[in-house]
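A.B. asks: please find the sequence and the predicted model below.
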Amino acid sequence: MPETVKPEIAAGGRTWLLSGPTSSYALHLTEADELLHLHWGPRIALADAEALAALPLQGRASFEAALDGHEEYPVEGGPRFVRPALSVRTAERRGTEWTFESYETDETDGADGAELRLRFRDGGLTITLHYRMRGDVLERWTTLGNEGEEPLELLRADSATWTLPERDGWRLTHLHGRWAAESRLVQAPLAYGEKVIGSRRGHTGHQYLPWVALDTDATEERGEVYGCALGWSGSWRIAVAQLPDARVQITGGAGHDDSGLLRLAAGESFTTPLFAGLWSDGGFGGASRTWHAYQRDHVIPHAEQDRPVLFNSWEATFFDISEEQQATLARRAAAIGVELFVVDDGWFGARTSDRAGLGDWRPNPDRFPKGLKPLADYVHALGMQFGIWVEPEMVNPDSDLYRAHPDWVQFQPGRKRTEFRNQLMLNLAREDVQEYLWQQLDGLLSSAPIDYVKWDFNRCFTDAGWPDDPYPQRLWVDHVRALYALLDRLRAAHPGVAFESCSGGGGRIDLGILSRTDQVWTSDNTDPLDRLDIQHGFSQIHPARVMAAWVTDSPNAQLNGRISSLRFRFVSAMAGVLGVGGDLSEWTEEELAEARRWVDLYKEIRPLVQHGDLYRLRPPAGGLSAVQYVRGDEAVVLAWLQAQRYGEPVPALRLRGLDPTASYECRETGEVHRGAVLLHHGLRTGLRGDLDATVIRLRRI
């Protein structure tokens, strides 16, 4: 665990400095209780922060606000024209005029880090800004409390506002996509005005991951990069504003608009989701490695443990499943070295298609006459763990649950209840729904030796209504808070069970859900060539340790009919947490034997892939692409040749992250290289044509 560094406080207690190994963050409170941002970038000393605090703000014309672009957490009201992070309404007024009350630091070190808290007040409203440096990642969040007698409404309550220095030529990088085409990287010059990304769908969404990066001239391994990532699994918004004076501000938090977030009664409080940020001078690759280390050290549960090779039954069987059939697949999965066998959709209720059964979390008596325990015991006897698929937040109208409780779904009175995938959304903000799901899932996990739960979420909010509640719009926030509470409760009661976050693929991936799940389903697209782009974008922010990837059948019947070799499919999936999702009952003995060799190889390199430092050597741009993982004295390169044209040779790769004074042996060729390795011969012998792939291992000698 990296060393925790406590915040530094200047004499007088109005200038604060938080520092990591290479970066610092500073802020200052004026005598007028204006909280100003001072510095975010290379590491500085407390004396440097005090010198910055002593500099006067430059004067502005009467049509400009002197504080715009300088405030640490701009609120609505007063001489401000930037986007407010906080908008509050009471029965008498709107806006905020705060005064500073106190600061405090958490003096305890350890897993939670050292925290700085700044407390402000506006009448009965208390505002506490939280800061915690973990490595070079700064975590920020805000707590809002109502200590008055009258209720107040939070129209907008963002987690933080990040201020970047005055520079010309800012460039914005983010991830965009759709179902089966998630996490695609896009870069564009940042124009004056605002660029807003987010989700209006009730979950993180396939369209954007809640992450942005800004730079002026960075490359993959050189130059300054600023990045911000939001930890929230519901609707969200991040706004990146290029201000008139060349400063940039990034504001983000829960909720997609300012129409109303929550109502706080007397004595209630709301803690915003975490909004993390980092500065790196190691280019986009250095920023990614910092993000990855931060998540492995502080976010992902049990990140030090290897994730097992899994088999998932979905593409092999779809809804047509039986205990005998699953046992047959389990035997074949065990024979190729699979460590976790997962039964996907179709094991429960009247679930013979997507039209029925959601909400009735009991094994189908025709398919599993004695429940799941006999199959789970059989899978365990084969030497594998056992897992199941669930979609707890949903319900089919054709289900016992809906017939008993039609009022438990989100709906607008007098309006049609929109169905996607023949299902409706349960109102998880309701306490009776929360208790029902707890009883169902706790009972299920207690009924059989289940080691793994794939938690799916296959539709967006549409009719987000709650007719009986005095403030129905709170369900957007309270649904997510209830989801987190349910996962926390299940993990506490069943500590041996691992959870995967799935949402029709990559529709719910963020720092919030990752703090409660062991891995995520990156995309429903299992085509190995498409996956290279998806995984390239995903790796900008999240580590391979959580990136589930499957080897499925060829041709790819689900999406594009593309034909690819088993070799290419395996090496593509080995870049993350390896899984197999093909119909093993149809694989030949030769294919099964080859699969066993790839699984064995993956287990050898798994510590490097899941726990090592990632270097993106060449992006997936149509020719050769490659990634490298380094851990200690070992490295592994995964390379894919997408196409060769006009007889062009396979280009060489210069490896990174190795000791330039040391020698390394290539296990595939026996060649010995110095630390600044130019890998050529191993590539040429390992890559023989279009849609080909290879794995190259190096060890320091």
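C.D. replies: Received, thanks. Just so you know, these numbers come straight off a predicted model, no measurement behind them.
A.B. asks: from now on I want contacts and neighbour counts done on CA atoms only, so please keep to that.
C.D. replies: Will do.
A.B. asks: who touches stretch 366-382?
C.D. replies: 321-323, 326-327, 330-331, 334, 341, 347, 363-365, 385-386, 447-450 (CA atoms under 8 Å, 6 or more residues apart in numbering).
A.B. asks: phi, psi of the residue nearest to residue 356 when sequence neighbours are not counted?
C.D. replies: Computed as CA to CA, 6 or more residues apart in numbering, the closest residue to residue 356 that is not its neighbour in sequence is residue 398, at 4.9 Å. Per-residue torsions, residue 398: phi -90, psi 80 (degrees, to the nearest 10).
A.B. asks: run a quick neighbour tally on residue 398.
C.D. replies: Residues lying near residue 398 (other CA atoms under 10 Å) number 17.
A.B. asks: distance check, residue 319 against residue 348.
C.D. replies: 10 Å (CA to CA, to the nearest Å).
A.B. asks: list the residue ranges of the stretch 501-650 of the chain that fall below the pLDDT cut-off.
C.D. replies: Counting by pLDDT under 70, the stretch 501-650 of the chain contains no low-confidence range.
A.B. asks: can you show me the helices along it?
C.D. replies: All helices of the stretch 501-650 of the chain, identified by DSSP state H, counting those that start in this stretch, fall at 511-514, 528-538, 566-573, 589-611.
A.B. asks: and of those helices, who's closest to residue 301?
C.D. replies: helix 511-514 (8.0 Å; CA to CA).
A.B. asks: picking up where we left off before, can you redo the helices of the stretch 501-650 of the chain as a markdown table with distance to residue 419?
C.D. replies: Shown next, in a markdown table, are those (distance: least, CA to CA, whole Å):
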| stretch | distance to residue 419 |
| --- | --- |
| helix 511-514 | 25 |
| helix 528-538 | 29 |
| helix 566-573 | 34 |
| helix 589-611 | 39 |
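A.B. asks: near residue 466, how many other residues are there?
C.D. replies: Neighbours of residue 466 (other CA under 10 Å): 22.
A.B. asks: give me the number of residues near the closest residue in space to it that isn't next to it in sequence?
C.D. replies: If the residues on either side of it in the chain are set aside, residue 466 comes closest to residue 472, at 5.0 Å by CA to CA, 6+ apart. Per other CA under 10 Å, the neighbour tally for residue 472 reads 16.
A.B. asks: ok, residue 164 - contacts?
C.D. replies: Contacts of residue 164 (CA under 8 Å, 6+ apart): 40, 247, 248, 249.
A.B. asks: change it to 10 Å
C.D. replies: Residue 164 makes contact with 37-41, 69-70, 170, 214, 226, 242, 246-250, according to CA atoms under 10 Å, 6 or more residues apart in numbering.
A.B. asks: sorry, back to before: compare residue 319 and residue 348 (neighbour count), which wins?
C.D. replies: Neighbour comparison, residue 319 and residue 348: the larger count goes to residue 348, with 24 against 17 (by other CA under 10 Å).
A.B. asks: partners of that one in the sheet?
C.D. replies: residue 363 (DSSP bridges).
A.B. asks: would you confirm that it contacts residue 323?
C.D. replies: No - assessed by CA atoms under 10 Å, residue 348 is found out of contact with residue 323, at 12.0 Å.
A.B. asks: ok now do the residue most central in space within the chain, which residues does it touch?
C.D. replies: With distances taken as CA atoms, centre = their mean, the residue of the chain nearest its centroid is residue 510 (2.7 Å). Counting by CA under 10 Å, 6+ apart, residue 510 makes contact with 203-205, 209-211, 229-234, 501, 520, 541-542.
A.B. asks: most surrounded residue in the residues you listed?
C.D. replies: Of the contacts of residue 510, with other CA under 10 Å as the count, residue 205 tops at 31 neighbours.
A.B. asks: residue contacts, that one?
C.D. replies: 176-179, 182, 198-199, 233-236, 459-460, 503-510 are the contacts of residue 205 under CA under 10 Å, 6+ apart.
A.B. asks: so what's it closest to, chain neighbours aside?
C.D. replies: residue 507 (4.3 Å).
A.B. asks: what is the neighbour count of that neighbour?
C.D. replies: 32.
A.B. asks: contacts only, for it.
C.D. replies: 178-180, 182, 201, 203-209, 233, 456-460, 501, 520-524.
A.B. asks: likewise residue 71?
C.D. replies: 27-29, 34-38, 80, 82, 161-163, 249.
A.B. asks: could you measure from it over to residue 96?
C.D. replies: Note on residue 71: its distance to residue 96, by CA to CA, is 14 Å.
A.B. asks: ok, now residue 180?
C.D. replies: For residue 180, the distance to residue 96 - CA to CA - is 43 Å.
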